[in-house]
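Engineer: need coordinates for the following:
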Amino acid sequence: MNNQFDVIVVGGGHAGVEAAYAAAKMGSRTLLLTLDIDKVASMPCNPSLGGLGKGHIVFEVSALGGLMPQLCSKTYLQARMLNTSKGPAVQGLRLQIDKYAYSALAKEYLLNTPNLTIAPHMAIQILTEDIGSIKRITGVVTTDGKAFYAPTVVITTGTFMKGLVHIGRTRYKAGRRGEEAVYGLSESIAQAMNAPLGRLKTGTPPRLLKTSLDYSKFDQQESQSLDYLYEFDHMTVEEKIPCYIAYTNDETHDIISNNLHLSALYSGNIKGTGPRYCPSIEDKVGRYPDRPSHHVFIEPEGADIDEIYPAGLSTSLPLEVQLAYIRSIKGCENAVIAKCGYAIEYDFIQPTHLTHTLEAKAVQGLFLAGQINGTTGYEEAAGQGMIAGINAHLRQSNQEPFILSRTESYIGVMIDDLITLGADEPYRMFTSRAERRLLLRQDNVFLRLMPYGKKLGLIDDALYAKFESEKAVIEHCVAYVNAGGNQTPIFKVLHAVEFTSDLQKQSRELLTAMLTEKNLSAAALSSRALLNIHAQIKYAGYLHKEQLEAEKAIRYQNLIIPDTIDYAGMQGLTKELQQKLMHYKPATIAQAQLIPGMTPAAISILIFQVRMADKPAQSQE
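Structural biologist: Take a look at the predicted model:
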């Protein structure tokens, strides 16, 4: 086998798949090293994709030409748009996925991707050479002693680096259920990068036999009528398999409370930090003893698989305790556990040692993506993998790097958070992390990012032509509505408090009539375009204000904050923000923006105070 490549990707999870797919599509001779070719893009935990914040990332991967959205369209089991009662900026598409079909289809796509070779090897060491004060990547070495060489390497190891599984007081080395852990690689990377290693933890619930549950005792989760998923093209979305909701109760909580001492989490065996926003069931019971119940989402793992994923019951309790508390839940009285739940801890590298391209600061050509950077979730991994794969190709072909800012994408927000603040717990994307989330909606994602995908060679001409048609229709319609003023019927419809289906139908009729009158085709006036037009009209003032704030933040992001500035008692800032500024001691406005809870208004005050502090004393009088 040829051992010379342009890009080597280590790990076949969601980050690795996107990195390899992007690099190969852009023209790099790419090698994907993975332990098991049949488990690429595996979903070892929840069989779903998307949701609030996470769904925005999947949309952005779609706009850039990534693989995850294409796989979703062909393997979803149920689709729901969350937060539809709220504004467009905080809605999120969430899909239930046939995880086995998803992985099999990912393998098929990758095997048919030009320039991409997949090989079943475990990398245990990176190879570097010195170039002045930093190092340069040259390749990797596998367990069987083989060396593969490339000027760029993307590491996407998920939970495999020194992975340790916990079930009660039992623990054993594993990368995930039934797979080997990787030893040696984390130390090799950390030493080359001169970066500290940390330990994080995640977990998964037991899997239940589908036929052992009584669905008449659950609440059925209704499907929704949608005509788009994550891809640009329209599609007919239908429910294939329903999902349900169950509830824990006092008996469930008593069983867990009485056995907390047997949990790996509470016994002290687990050293890694777990995800704050996806806690284990014993963590929920321990933290919130007054809560009478917790939701349990009964989700299918696949269309033809007799396994159910009880979302919300992630655990590291012993098997017999897992069975006892599950059978205390209404509808699960006769439940049979097909696979035991477990917790897993693993190594990660502090992402502050990376640049915005996800390249190591100290090792040229070395990129990291996914859980190795302290994130959690398939979607966050895919977004990072996309950026790392793109930039690995650009690096090896001596082209300018590709960087997304936090004012134009959720991927940009995530990467900026990681490389600036680092990770002390598994990072999860939420819409609240984006200061300009009104600018970063799902309905305008293709307008924001598809031109980048086309420029990078990841979007084909046919798709881009359809995008341009929709873009032109949106621009014509917005200009028409604005020109007519705020008393026209179309303005009043688009400016309604709630954009109901009846109002959408009415606005479509009015806009179609206008386009026809101007000899313009209304074929591209999709439901997505209609929502975009509605958002631009209804939130025009807020959007303009956010745009100005974003431009102001960009203009002043490199403004240096003097060491002598006194945050205590700074007028206009809350006590909490004053304390956070004193704790983090940001060197620039850009760093101050990333402090959790820092608002645009607070940043404006800080910019004013810094500029005043820089003026000579006489000019302040």
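Engineer: tell me the contacts of the closest residue to Thr488 other than its chain neighbours?
Structural biologist: Excluding its sequence neighbours, the residue lying closest to Thr488 (C-beta to C-beta, 6 or more residues apart in numbering) is Val481, at 7.3 Å. Where you see a C-beta, it was placed from the backbone N, CA and C, and this is true even at glycine. Contact analysis of Val481 by C-beta atoms under 8 Å, 6 or more residues apart in numbering lists 488, 490-491, 494, 533, 537.
Engineer: now the two most distant members of those residues.
Structural biologist: Maximum pairwise distance among those (C-beta to C-beta): 13.7 Å, between Thr488 and Ile533.
Engineer: those two: who's more crowded?
Structural biologist: Ile533 (25 against 14; other C-beta atoms under 10 Å).
Engineer: for the more buried one, which non-adjacent residue is closest in space?
Structural biologist: That would be Cys477: by C-beta to C-beta, 6+ apart, it lies 5.0 Å from Ile533.
Engineer: now the host helix or strand of that neighbour: buried residues?
Structural biologist: Using DSSP states H and E, Cys477 sits in helix 461-484. Residues of helix 461-484 classed as buried by neighbour count (16 or more other C-beta atoms under 10 Å): 463-464, 466-467, 469-471, 473-474, 476-478, 480-481.
Engineer: how far out from the middle of the chain is it?
Structural biologist: The chain centroid and the centroid of helix 461-484 are separated by 29 Å, computed with C-alpha atoms, centre = their mean, to the nearest Å.
Engineer: let's see that helix as PDB, backbone CA atoms only.
Structural biologist: Extracted C-alpha coordinates of helix 461-484, given in PDB (Å, rounded to 0.1, in the frame of the first residue of the first chain):
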ATOM      1  CA  ASP A 461     -22.500  24.100 -10.100                       C
ATOM      2  CA  ALA A 462     -26.100  22.600 -10.200                       C
ATOM      3  CA  LEU A 463     -26.700  23.100  -6.500                       C
ATOM      4  CA  TYR A 464     -25.200  26.600  -6.500                       C
ATOM      5  CA  ALA A 465     -27.400  27.600  -9.400                       C
ATOM      6  CA  LYS A 466     -30.500  26.700  -7.400                       C
ATOM      7  CA  PHE A 467     -29.100  28.600  -4.400                       C
ATOM      8  CA  GLU A 468     -28.600  31.700  -6.600                       C
ATOM      9  CA  SER A 469     -32.100  31.500  -7.800                       C
ATOM     10  CA  GLU A 470     -33.500  31.400  -4.300                       C
ATOM     11  CA  LYS A 471     -31.100  34.200  -3.200                       C
ATOM     12  CA  ALA A 472     -32.400  36.400  -6.100                       C
ATOM     13  CA  VAL A 473     -36.000  35.800  -5.200                       C
ATOM     14  CA  ILE A 474     -35.400  36.700  -1.600                       C
ATOM     15  CA  GLU A 475     -33.600  40.000  -2.600                       C
ATOM     16  CA  HIS A 476     -36.400  40.900  -5.000                       C
ATOM     17  CA  CYS A 477     -39.100  40.200  -2.400                       C
ATOM     18  CA  VAL A 478     -37.500  42.100   0.400                       C
ATOM     19  CA  ALA A 479     -36.800  45.100  -1.800                       C
ATOM     20  CA  TYR A 480     -40.500  45.100  -3.000                       C
ATOM     21  CA  VAL A 481     -41.900  44.900   0.500                       C
ATOM     22  CA  ASN A 482     -39.600  47.700   1.800                       C
ATOM     23  CA  ALA A 483     -40.400  49.900  -1.200                       C
ATOM     24  CA  GLY A 484     -44.100  49.600  -0.500                       C
END
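Engineer: let me know the closest of the contacts of Val481 to Gly184.
Structural biologist: Ile533 (55.1 Å).
Engineer: and the helix or strand harbouring Phe348, which strands flank it?
Structural biologist: Using DSSP H and E, Phe348 sits within strand 342-349. Strand 342-349 sits in its sheet next to strand 164-167 (antiparallel), strand 197-204 (antiparallel), going by DSSP bridges.
Engineer: want to try JSON lines for those, with distance to Thr516, mean neighbour count and mean pLDDT as columns?
Structural biologist: Compiled in JSON lines, those are given as follows (distance: least, C-beta to C-beta, whole Å; neighbours: other C-beta atoms under 10 Å; pLDDT from 0 to 100):
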{"stretch": "strand 164-167", "distance to Thr516": "63", "mean neighbour count": "23", "mean pLDDT": "95"}
{"stretch": "strand 197-204", "distance to Thr516": "54", "mean neighbour count": "22", "mean pLDDT": "94"}
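Engineer: Lys25 and His121, how far apart?
Structural biologist: 23 Å (C-beta to C-beta, to the nearest Å).
Engineer: which of those two has more neighbours?
Structural biologist: Using other C-beta under 10 Å as the criterion, Lys25 and His121 rank with Lys25 on top: 24 against 19.
Engineer: that older thread, I'd like the buried residues of helix 461-484 as JSON lines, with pLDDT and distance to Gly374 appended.
Structural biologist: As requested, the buried residues of helix 461-484 are exported to JSON lines (pLDDT from 0 to 100; distance: C-beta to C-beta, whole Å):
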{"residue": "Leu463", "pLDDT": "98", "distance to Gly374": "34"}
{"residue": "Tyr464", "pLDDT": "98", "distance to Gly374": "35"}
{"residue": "Lys466", "pLDDT": "97", "distance to Gly374": "37"}
{"residue": "Phe467", "pLDDT": "97", "distance to Gly374": "34"}
{"residue": "Ser469", "pLDDT": "96", "distance to Gly374": "41"}
{"residue": "Glu470", "pLDDT": "96", "distance to Gly374": "37"}
{"residue": "Lys471", "pLDDT": "97", "distance to Gly374": "36"}
{"residue": "Val473", "pLDDT": "96", "distance to Gly374": "42"}
{"residue": "Ile474", "pLDDT": "97", "distance to Gly374": "37"}
{"residue": "His476", "pLDDT": "95", "distance to Gly374": "45"}
{"residue": "Cys477", "pLDDT": "96", "distance to Gly374": "43"}
{"residue": "Val478", "pLDDT": "96", "distance to Gly374": "40"}
{"residue": "Tyr480", "pLDDT": "95", "distance to Gly374": "47"}
{"residue": "Val481", "pLDDT": "95", "distance to Gly374": "44"}
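Engineer: distance to Asn269 added to those residues, as JSON lines?
Structural biologist: JSON lines is the format used below for these (distance: C-beta to C-beta, whole Å):
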{"residue": "Leu463", "distance to Asn269": "50"}
{"residue": "Tyr464", "distance to Asn269": "53"}
{"residue": "Lys466", "distance to Asn269": "54"}
{"residue": "Phe467", "distance to Asn269": "52"}
{"residue": "Ser469", "distance to Asn269": "58"}
{"residue": "Glu470", "distance to Asn269": "54"}
{"residue": "Lys471", "distance to Asn269": "55"}
{"residue": "Val473", "distance to Asn269": "59"}
{"residue": "Ile474", "distance to Asn269": "55"}
{"residue": "His476", "distance to Asn269": "63"}
{"residue": "Cys477", "distance to Asn269": "60"}
{"residue": "Val478", "distance to Asn269": "58"}
{"residue": "Tyr480", "distance to Asn269": "65"}
{"residue": "Val481", "distance to Asn269": "61"}
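Engineer: okay, now Tyr556: neighbour count?
Structural biologist: Tyr556 - counted by other C-beta under 10 Å - has 18 other residues nearby.
Engineer: ok, it - contacts?
Structural biologist: Tyr556 is in contact with 589, 607, counting by C-beta under 8 Å, 6+ apart.
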